[in-house]
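Participant: Give me coordinates for this.
(4 chains)
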Number of protein chains: 2
Amino acid sequence: MSRVKEKDTSTEERILEAARKVFTQKGYAATRTRDIAEEAGINLALLNYYYRSKEKLFELVMSEKVEQLFGMLLPVISDAATGLQTKLEKTAEVYIDNLIKHPDLPLFVLSEIRQNPHWISSKIPVAAIFRESSFVRQVKEKRPDLNPIHFLLNILGMCVFPFVTRPVFTGAGVIKEKDFKKVMEERKKLIPIWMKTMLET
Amino acid sequence: MSRVKEKDTSTEERILEAARKVFTQKGYAATRTRDIAEEAGINLALLNYYYRSKEKLFELVMSEKVEQLFGMLLPVISDAATGLQTKLEKTAEVYIDNLIKHPDLPLFVLSEIRQNPHWISSKIPVAAIFRESSFVRQVKEKRPDLNPIHFLLNILGMCVFPFVTRPVFTGAGVIKEKDFKKVMEERKKLIPIWMKTMLET
DNA sequence: GTCTATAGTAAGATAGAC
DNA sequence: GTCTATCTTACTATAGAC
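Facilitator: So this is what the prediction gives:
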């Protein structure tokens, strides 16, 4: 089925793939449909032929990305079969591995949600899943004195924040682009250890 | 000098203040000069009369905000007169107090820098200041085995990340808007304690 | 300094040929 | 399905009256 030529993907898919790239890099407001068409190597009119409008195309991409970002976390913290320490290890591993491949993802999703909070409230019942997760139960057991949200903020902050600030720190020369991946690989091991000590302090 | 009327501020300043508000809320690409004019309660033409163009006005605001965000951190970590633990306490205090007042600041600056890294590279010599800071020296003393950048990422992640994700977590109902400030006040005390244990693990 | 009116342009979307 | 050409709108910026 797939030709040896360069394009074994359909035009429709090529446009969507281009949209993923341009939207996540520049955000909704700053991208022009012409950018996407060019990136996809097709004409502007085809974009509207397949996806009707810029907004409709964006909604497809945004839904995917929200799903992707929260889809990493929720199964891990909800898994009743694992202990707390395993959850912390898995969370660090999943986020760091995935964000090394998709470094623009968090800043993109966070920026767009800020301007349109409906994206989060309507999509996934994050609040309910979190509150009823075994993660919350397990944290409460260990630290009944503290709001469990602190530990969610801590692990996500330590894993995700470096990706959000990467353009800043590499741009400023605080971290070299080459070293960034190495630092994050180190963190994958360190964060669960640090989290453990925090839970005991 | 100041009239009892509502405007003891000049038109020029009112426009700038409106620009601060709109730009930081919506980002450069999504704000229209008409939004700023309306927010300032003046006519569109006056914006160009005082500030020449949208871009020039933006540059003023952006410079301020970059300065503001890094200006909180750099003096604290560079202060040769304080110990490491004091630096951690001060950092948490300064960031959390200031970001409670300006919650949009970090996401705004991070988003705009992503799309225009020149903003960071040209402004402040962050890398040099960081490398030569007494913070780095003190961390290296305690933990010669680890890259000091880890601890900068940790404290900033724990302090700043909650503000970056606030729209997500409040939008999703994970944290109630009312509780957010309380949680951050708790963190102001907890983060230095947690950081201390991390440095010893 | 401040306004109204408008010029100029850029961007999203569509018509219609092939 | 894919293209070129064009319509329409929305936005930045300016000209000119007061």
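Participant: helices and strands of chain A: which one has the lowest mean pLDDT?
Facilitator: helix A:118-123 (a mean of 88; mean pLDDT, DSSP states H and E).
Participant: what's the average pLDDT for the helix or strand following it?
Facilitator: Next in sequence after helix A:118-123, counting helices and strands by DSSP states H and E, comes helix A:126-131. Helix A:126-131 shows a mean pLDDT of 97.
Participant: swap in stretch A:30-50?
Facilitator: 98.
Participant: Are stretch A:63-77 and chain B in contact anywhere?
Facilitator: No: Stretch A:63-77 stays clear of chain B (C-beta under 8 Å from any C-beta of the partner chain), getting no nearer than 8.9 Å. The C-beta positions use only the backbone N, C-alpha and C, and glycine is treated the same way.
Participant: Just the CA trace of that stretch, in PDB.
Facilitator: C-alpha atoms of stretch A:63-77 as PDB (Å, rounded to 0.1, in the frame of the first residue of the first chain):
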ATOM      1  CA  SER A  63      -7.900  18.000  22.200                       C
ATOM      2  CA  GLU A  64      -5.100  15.600  21.300                       C
ATOM      3  CA  LYS A  65      -2.600  17.600  23.300                       C
ATOM      4  CA  VAL A  66      -4.700  18.000  26.400                       C
ATOM      5  CA  GLU A  67      -5.300  14.300  26.300                       C
ATOM      6  CA  GLN A  68      -1.700  13.600  25.800                       C
ATOM      7  CA  LEU A  69      -0.500  15.700  28.700                       C
ATOM      8  CA  PHE A  70      -3.000  14.500  31.200                       C
ATOM      9  CA  GLY A  71      -3.100  11.000  29.800                       C
ATOM     10  CA  MET A  72       0.500  10.600  31.000                       C
ATOM     11  CA  LEU A  73      -0.400  11.300  34.600                       C
ATOM     12  CA  LEU A  74      -3.900  10.100  35.400                       C
ATOM     13  CA  PRO A  75      -3.400   6.300  34.900                       C
ATOM     14  CA  VAL A  76      -0.300   6.300  37.000                       C
ATOM     15  CA  ILE A  77      -1.800   8.100  40.000                       C
END
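Participant: Give me the secondary structure label for the residue nearest the centre of chain A.
Facilitator: The residue lying closest to the centre of chain A (C-alpha atoms, centre = their mean) is A:L69, at 3.4 Å. State at A:L69, reduced to three classes by DSSP: H, G, I helix; E, B strand; the rest coil: helix.
Participant: before we move on, what about the one 3 residues further on?
Facilitator: Assigned by three-state DSSP, the conformation of A:M72 is helix.
Participant: That one: what's it in contact with?
Facilitator: Residues near A:M72 by C-beta atoms under 8 Å, 6 or more residues apart in numbering or on different chains: A:94-95, A:98.
Participant: quick one: it from DNA strand D, how far?
Facilitator: Separation of A:M72 from DNA strand D (C-beta to the nearest atom of the strand, to the nearest Å): 33 Å.
Participant: How about that residue: what's its closest non-neighbour residue?
Facilitator: In space, A:M72 comes closest to A:V94 once its chain neighbours are excluded; the distance is 4.8 Å by C-beta to C-beta, 6 or more residues apart in numbering or on different chains.
Participant: So that neighbour is in contact with A:L74, correct?
Facilitator: No: the pair A:V94 and A:L74 fails to qualify as a contact (C-beta atoms under 8 Å) at a distance of 10.8 Å.
Participant: in what helix or strand does A:A19 lie?
Facilitator: helix A:11-30.
Participant: tell me which strands and helices that helix is in contact with?
Facilitator: In terms of contacts (3 or more C-beta pairs under 8 Å, 6 or more residues apart in numbering or on different chains; DSSP states H and E), helix A:11-30 is packed against helix A:33-40, helix A:44-51, helix A:54-78, helix A:105-115, helix B:11-30, helix B:105-115.
Participant: Run the contact check for it versus DNA strand C.
Facilitator: No: for helix A:11-30 and DNA strand C, the contact criterion (C-beta under 7 Å from any atom of the strand) is not met; the two come no nearer than 8.7 Å.
Participant: Just the buried positions in that helix, please.
Facilitator: A:14-16, A:18-28, A:30 (16 or more other C-beta atoms under 10 Å in any protein chain shown).
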